[in-house]
Structure formats: structure tokens, C-alpha cells
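**Q** Here's my sequence, what's the structure:
(one chain, ligands or ions: 1)
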Amino acid sequence: MPIKKMMLCGAKEEDGVPLQQPSANLDLQFHDISLSIRPWKFRQPKKTILHGINGRFKAGELTAIMGPSGAGKSSLLNVISGFRSRGVTGTLLVNGHPRNERIFQKMSCFIAQEDALQPMLTVTETMMVAASLKLPSHVTPQEKQTTVSEILASLGLTKAKDTQTTKLSGGQQKRLSIALELINNPPVFFLDEPTSGLDNVAAKQCLSVLKMLASQGRTIVCTIHQPSALLLSFFDSMYVVAQGICIYQGSTRALIPFLKSVGIHCPTHYNPSDYILEMSEDKSIVQAMSENIMNGHHSWTNNGIEEVSEMSTKDILLPEVEVPSIQADANSESGSSEPCITDGLSMLGYRKFQRKRFGVASSGWMQFCILLKRMILQIFRNRIALRLQLIHHVFCGFFIGCIFFNQANDGSKMFNHMKFCIGVVLFHGYTWIMVPVLCFPYEVKLLRREHFNKWYSLVPYYSAMTVSKIPTQVFFSMIFITMVYFMSGLPMDLTRFASFAIVGILVSIASEGLGLAIASAADVTTGSVAAPAIIAPFLGLAVYGFDFANQISWLMNAIMKMSFLRCGVVALVLVVFGFDRKHLNCDEIYCHYKDPQVILRMLDIQNVSLLSPIIALFGLLVLFRTICFIGLRWRLAT
Ligand SMILES: Nc1ncnc2c1ncn2[C@@H]1O[C@H](COP(=O)(O)OP(=O)(O)OP(=O)(O)O)[C@@H](O)[C@H]1O
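**A** Just a heads-up that it's a prediction; the model follows:
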């Protein structure tokens, strides 16, 4: 590994393994930051959450953003980390230079409050996937393994290395979230409430890890709710927000002198961080404190007051980030996020630079392969889900097979044939729309975190997700299709059976695509309500007008083609009665529908090629999946 290691000063090294130094020390400054939220209700005024606040988060320090509930702590963290950019105005600087969002995101990581971890994988497997995605491809598997082991050892996770992530304790999960981001050794960490839900011991362990990382030169900023005096002692500095403005910034030890300066005397034996939060309920005191600290323009140190904008950055080691040839344009009016090359460094050189410095590790194809492997492993390890799916398909196949048992050759009951085709299509439609609606929102949470932290880009993820689901989907659909096909007594004809299977599978993939499109933009509750409501019109169009098909207007016909269920039903009817099917059996005196051509004529599809509903089905499938992709892009951008 190119990055040299150092022994930590005063840091806790549970297994005696030192961590690597960060590749750069970054000092973050922000000026006149405001955040406004556009209301979702028409004509409501904009809500301003942050009011022109200023401040600085220093490299080598563990900084706590504190404040009463609803003060704007998470909003501030989201803005400074770049997790939120909509509705934000103001200036963000890195070591005194306007920052480039793309570069900055590669050098920082964001760990959310309810940080989701990949299920069905052990700690080591999770770390190895992250290492494969985040470390450059020239790093050998052994080196990756060594890096992973060192990080796990440093964060006290060695004993849990073979435990599945979902079975870790809350504290271990937090430390694993940190360990995952440490793989590419970013110099900046943002954490939203890293101690929430942890007991005192676990919170202490978590903060000691953060303190250790900060002591190596990283900039570590986290929001925190009323820390105890012990937990507060881990922090080097505090940034206190109330009502969207800064009411204190500076050293934790300078808090009491600061309070004195605004005429507030913190009682002895009172935790000063609790006291400032109590005081922040009073508007006039908030105003007085904010004026004293100049809304973050000033900072209190152990030696007195410093002006943030005049702070020197020369003491910060910054060769890698303060690159003279690359000028950040994140704040440019053009809004373009492409870097502006100003000093003779070509775009190619810039990309190489980025790749080298910040580990834009794997190519799109590599990302696809790694993610596909991970997803397939997770699918096959989820035994309960697999068993449930199997039972569901076998049970429904058997049930529908029994209802239509040996009726496929009965020429006297035309409606049975229609019900059979509709039943098969409906089964696929409803089964596969609900699976993503219930499961995908959790995956989107994981995607947001990993994508934001630059593990991979959306196209490889989306491709891997699509491909990974196909084997199980085809397998389960085939079980159902085989059962109903043979139990219903359809002719033993390979072409007909293969076409029957293809239509069933296409309907299931299209339906899953619709489910994914819904789940990409909605949470589980909304999706569970929306999915059946959205599929209902498709169903209506699927069964509309079978008994008066000749009289349906061209407009209605065109609308009906939009229903993927209709396309599926038409295709199945063509499969069942097409392919030169012989006359059906007739046990009565006269069977009007004995000749399969009569049924096709009645449905007005006697001249329709099987290919056309299949192509329409395929087109709708692609449309749904494109909507899902756009939905995901939108989710990742907001
Ligand atoms: N998307 C949003 N739409 C409307 N209001 C929002 C939105 N996000 C945040 N807010 C509001 O902004 C204010 C600050 O929210 P924020 O989550 O930053 O507070 P916080 O200090 O982190 O609170 P807590 O400690 O309770 O998590 C709150 O009043 C919240 O209701």
C-alpha cells in the first residue's frame, strides 16, 4: 500500500495494529450558509432552516455539532458534507479554496444515523467487497486482505469478523460502518448521531475510535445529542446550533469562559453542554450568544477568540488537495460539476491524478462483476425468502393446476381457457410486483450510502441488480409454468411450452420492473398502497372487451396495448390456440369453440403474430426499468 503508517498518539489500539495516515489534511470552512426548503404544499412560503451561518472544522480535530432538537444539526451536516445541495446558498471552502464537489466527495465519507449494512454477509465479506470496489485494481487480494484485517483489528472488530453484519451489536455496527469507509482512507468523516441508540460503553468505544482517527489528522465532524461529560471530553471542539444559527464555536474547554462572556454562569457540577442547550430555549440568549460568536465568524480557543475567516491554513499539510493545476468549480455559476483544468494538466492527467490519489478504484465492468457476485451471494444466502418463494410458486401452481385440471382440450368451455390464460398472467403480475415494493426501499438506503461515498456508480449497480435477480425469477416461474402447463393438459409440444414459458417469464420481469419503478420513488408504506392501485387499471384493460373484440375502437385498442397484462394474456391465448393447434375435444352435440381458430377470430387476433404482443411486452418491460433507473437517479440526486 502506498500510504505510510504511523503509530497513534494516545489512540486506542485494541489489537495493537496501527492505522494508516490519511492522504491529506483538510480544513473545512463555510461562509454565509443558508438552507431553504421548498414546501410541498402550493403557495406555502419557503422554510429557512439555516440562516447564513459560518464556521470551520479543523483537520486533526473531532468536532461535535450540537443543539436542541430541530435546531438544524443534521441539516448543517448534510450541507457541509454535500449530502444535501438543493436549496443551499453560501460558500464552502477546503483549505481556503473553493471546493470541487466531485473531488471532495471522493475525499470524504458520510455515515448516516440509521446506517444500513449489507445483509447476509459476514463482516470480512462486507469489508472485502468494499475493498474490491474502493481500492485500485493493482492492489492484490492479499494486500486487500491485509488492509481489511488491519482496519478490523484497529477498530476492535477482529473477533466479530465471521459474524453476519445484521447480528452485530449496535456499537459494532457503527464501528463497521466506519471501518468500511476507512478502506480508502478518506481525510474527512461526517457522522450523523454516531452514538444514538448506543449505551455509554458502546458510545465511548465509538468516540474513542473517532478520536483516534482525528488524532491522525482527519477532519471528523459528527452531530450528537446531549453527550454526557465523559463523552464530551472526547471532542476537541464544538459547534452549537440553535434556531438555525450558530451560538457557539470553539474548544470544548472554552465553553465556560464563553458562557461567562455573555453573562451566563454555568453552575458548578453542571455539564456545560447541557447548560448551553437549556439556555438555547431562550430567544434573547440565543441572539446574544450568536452575536458574540458572530454567527460562526468567531471561534473560541483556549487562548481567546479567533476570527474564522482570518485563520491561517499554512499549518495544514495539503499537497494532494491544494493542487495548483486544478481549480475547483463547484461554486461556479454555471452549475457544472466538471473540474476546470487551468494549469496545463490535461483531463487525462487529472483523471490519473484522481485515480491515484483518491482511489477511483474499479472500472464499470469490475464494479458490475463485484456487485453481481455480492448480490447473487445475498440472494442465495437468504434461505427463508427462497423457501417462501418456492412454497408460494408450488402452492399456486398446484392450486391453479387443480382448478384447470385436464381442461385444456375441452372445446365446450371457451371461458375456462380465457380464465386460465388470465390466471397465469395475473399470478406473475401480482407476485412479482410486490417483491420489489417490499424489499427495494431498504436496498435504496444502502445504495444511497454507498453511491454517495463513491463506492460505485449507478449504471453498474443497476445492471448487476437486474441480472442478479433473473436466475431465481426464471427458476421459480418455470416451476409454476411447468406445473400449470402439464396439469391443464396442454399439448406436449416443445415450441408451445417454450413460448408459454417465455411469455410467463416476460410478464414476471415486466411486473417486477413496475414494482421497482414504484419502489425507487416510494417507501414501503406508500409502495404497498400504490402498487395494487397502479396494477388495477392494467388488469381492467387486460380483460376488457373479450366478448366484443371486433367492436373495440382503434383508440381503445391502442390504450389496451399499454397494459402489459393485456399483452401477456393475448400472447398466452396465441400460444395456447396457435401453432396449428388441432380441434379440441367435444363431448356435447355441438361445440362452437372446438376449432381454435374460432376463438382467435372472436378475440380478433386471428391475424396477430405472437411476436407482436411479445415485442410490446418487452417494450413495456424496458420502459418500466427505465423509469426505475430515472427514479433512482432522482433519489440519489436529492
Ligand atoms: N425536508 C424537510 N422539509 C421540511 N422541513 C424540514 C426538512 N428537513 C428538515 N426540516 C426541518 O428543519 C429543522 C431542522 O431539522 P434537522 O433535522 O436539521 O434538526 P436536528 O437539529 O438535526 O434535529 P434532531 O436532533 O431532532 O434530529 C426541523 O424543524 C425540521 O422539521
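**Q** Pop the domain breakdown of this structure in here.
**A** Domain assignment for the chain by automatic domain parsing gives 28-113+122-313, 382-637.
**Q** do you know which of the ones you listed lies nearest the ligand?
**A** Counting by C-beta to the nearest ligand atom, the ligand lies closest to domain 28-113+122-313 out of the domains of the chain; the figure is 3.3 Å. C-beta here means a position set from N, CA and C on the backbone, and glycine is covered the same way.
**Q** picking up where we left off before, and the domains of the chain, which one averages the lowest pLDDT?
**A** For the domains of the chain, mean pLDDT drops lowest on domain 28-113+122-313, to a mean of 88.
**Q** Can you name every helix or strand that the top helix by length along the chain contacts?
**A** Ordering each helix of the chain by length in residues (DSSP state H) puts helix 414-452 first. Packing partners of helix 414-452 (3 or more C-beta pairs under 8 Å, 6 or more residues apart in numbering; DSSP states H and E): strand 108-111, helix 383-403, helix 458-488, helix 494-521, helix 524-543, helix 564-577, helix 596-602, helix 611-637.
**Q** ok now it, how far from the chain's centre?
**A** Remark: helix 414-452 is offset 20 Å from the chain centroid, using C-alpha atoms, centre = their mean, to the nearest Å.
**Q** Sort out which residues of that helix are buried, please.
**A** Residues of helix 414-452 classed as buried: 414, 417-429, 431-437, 440-441, 443-445, 447-452 (neighbour count, 16 or more other C-beta atoms under 10 Å).
**Q** Okay, residue 156 and residue 179: tell me how far apart.
**A** 10 Å (C-beta to C-beta, to the nearest Å).
**Q** And those two? Which one has more around it.
**A** Between residue 156 and residue 179, counted using other C-beta atoms under 10 Å, residue 179 has the larger neighbour count: 22 against 19.
**Q** can you pull the contacts of the more buried one?
**A** 127, 151, 152, 155, 157 (C-beta atoms under 8 Å, 6 or more residues apart in numbering).
**Q** go on, residue 410?
**A** Contacts of residue 410 by C-beta under 8 Å, 6+ apart are 416, 584, 585, 587.
**Q** How about residue 406?
**A** Neighbour list for residue 406: 487, 488, 489 [criterion: C-beta under 8 Å, 6+ apart].
**Q** in its sheet, what does the helix or strand in which residue 50 is found sit against?
**A** Following DSSP states H and E, one finds residue 50 within strand 47-57. Strand 47-57 pairs in its sheet with strand 28-37 (antiparallel), by DSSP bridges.
**Q** from the chain's centre, how far out does stretch 132-143 sit?
**A** Using C-alpha atoms, centre = their mean, the offset of stretch 132-143 from its chain centre is 24 Å.
**Q** oh sorry, the question was meant for stretch 135-144
**A** With C-alpha atoms, centre = their mean as the basis, stretch 135-144 stands 26 Å off its chain's centre.
**Q** So which bits of that stretch are buried?
**A** So for stretch 135-144, counting by 16+ other C-beta under 10 Å, buried means 135, 139, 144.
**Q** Can you tell me how far the first one is from residue 141?
**A** So that's residue 135. Using C-beta to C-beta, one gets 10 Å for the distance from residue 135 to residue 141.
**Q** Residue 379: what's it in contact with?
**A** By C-beta under 8 Å, 6+ apart, the residues touching residue 379 are 386, 468, 469, 472.
**Q** Kindly recompute the last result at 10 Å.
**A** Contacts of residue 379 were listed using C-beta atoms under 10 Å, 6 or more residues apart in numbering, and they are 120, 385, 386, 468, 469, 471, 472.
**Q** you'd agree the fifth one is up against residue 463?
**A** No: shown here, residue 469 and residue 463 do not form a contact pair, counting by C-beta atoms under 10 Å, at 11.5 Å.
**Q** which residues do residue 156 and residue 179 both contact?
**A** Common neighbours of residue 156 and residue 179, counting by C-beta under 10 Å, 6+ apart, are 172, 209.
**Q** in stretch 590-608, what's buried?
**A** For stretch 590-608, using 16+ other C-beta under 10 Å, the buried residues are 591, 593-596, 598-600, 602-605, 608.
**Q** Now the terminal residues of that stretch, how far apart.
**A** 27 Å (C-alpha to C-alpha, to the nearest Å).
**Q** now it, how far from the centre of its chain.
**A** 50 Å.
**Q** what's in contact with it?
**A** For stretch 590-608, contacts defined as C-beta under 10 Å, 6+ apart pick out 410-415, 417-418, 545-552, 557, 569-571, 573-574, 576-586, 588, 612-613.
**Q** Buried subset of those as a PyMOL selection?
**A** Those of those that count as buried under 16+ other C-beta under 10 Å are selected in PyMOL with:
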select buried, resi 410+411+412+414+417+418+545+546+569+570+571+573+574+576+577+578+581+584+586+613
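**Q** what residues are up against residue 74?
**A** By C-beta under 10 Å, 6+ apart, the contact set of residue 74 is 49, 65, 67, 83, 84, 112, 113, 192, 193, 223.
**Q** what about 7 Å?
**A** Neighbouring residues of residue 74 by C-beta atoms under 7 Å, 6 or more residues apart in numbering: 192, 223.
**Q** CA atoms of stretch 461-470 as CSV?
**A** Extracted C-alpha coordinates of stretch 461-470, given in CSV (Å, rounded to 0.1, in the frame of the first residue of the first chain):
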residue,chain,number,x,y,z
TYR,A,461,-25.2,-1.2,-9.8
TYR,A,462,-28.4,-1.2,-11.8
SER,A,463,-27.1,-3.7,-14.3
ALA,A,464,-25.9,-6.0,-11.6
MET,A,465,-29.2,-5.7,-9.8
THR,A,466,-31.2,-6.6,-12.9
VAL,A,467,-29.0,-9.5,-13.9
SER,A,468,-28.7,-10.9,-10.3
LYS,A,469,-32.5,-11.4,-10.0
ILE,A,470,-33.0,-13.2,-13.3
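**Q** export stretch 118-127 as CSV, just CAs?
**A** Output of stretch 118-127 as CSV, limited to C-alpha atoms (Å, rounded to 0.1, in the frame of the first residue of the first chain):
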residue,chain,number,x,y,z
GLN,A,118,-25.4,-5.2,3.6
PRO,A,119,-27.3,-8.1,5.0
MET,A,120,-26.4,-11.8,4.6
LEU,A,121,-22.7,-11.1,4.5
THR,A,122,-20.1,-11.5,7.3
VAL,A,123,-18.0,-8.6,8.5
THR,A,124,-15.0,-9.8,6.5
GLU,A,125,-17.0,-10.4,3.3
THR,A,126,-18.6,-6.9,3.6
MET,A,127,-15.1,-5.4,4.1
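**Q** What parts of this structure come near the ligand?
**A** Proximity of the chain to the ligand, by C-beta under 6 Å from any ligand atom, involves residues 37, 47, 49, 67, 69, 70, 71, 72, 73, 74, 75, 225.
**Q** Please repeat the previous calculation with a cut-off of 8 Å.
**A** Within the chain, the positions adjacent to the ligand are 37, 39-40, 47, 49, 67-78, 113, 192-193, 223, 225, 241, 244 by C-beta under 8 Å from any ligand atom.
**Q** Show only the entries of the residues you listed found in helices.
**A** 73, 74, 75, 76, 77, 78.
**Q** Next, count neighbours for residue 391.
**A** 10.
**Q** Tell me which residues touch it, please.
**A** For residue 391, counting by C-beta under 7 Å, 6+ apart, there are no contacting residues.
**Q** I'd like the distance from the strand or helix carrying residue 278 to the chain centre, please.
**A** The secondary structure element spanning residue 278 is helix 272-279 (assigned by DSSP H and E). Distance, stretch centre to chain centre, for helix 272-279: 36 Å (C-alpha atoms, centre = their mean).
**Q** Identify each buried residue in the helix or strand following it, please.
**A** Per DSSP H and E, the first helix or strand lying C-terminal to helix 272-279 is helix 283-292. For helix 283-292, the buried set under the neighbour-count rule, 16+ other C-beta under 10 Å, comprises 285, 286, 288, 289, 290, 292.
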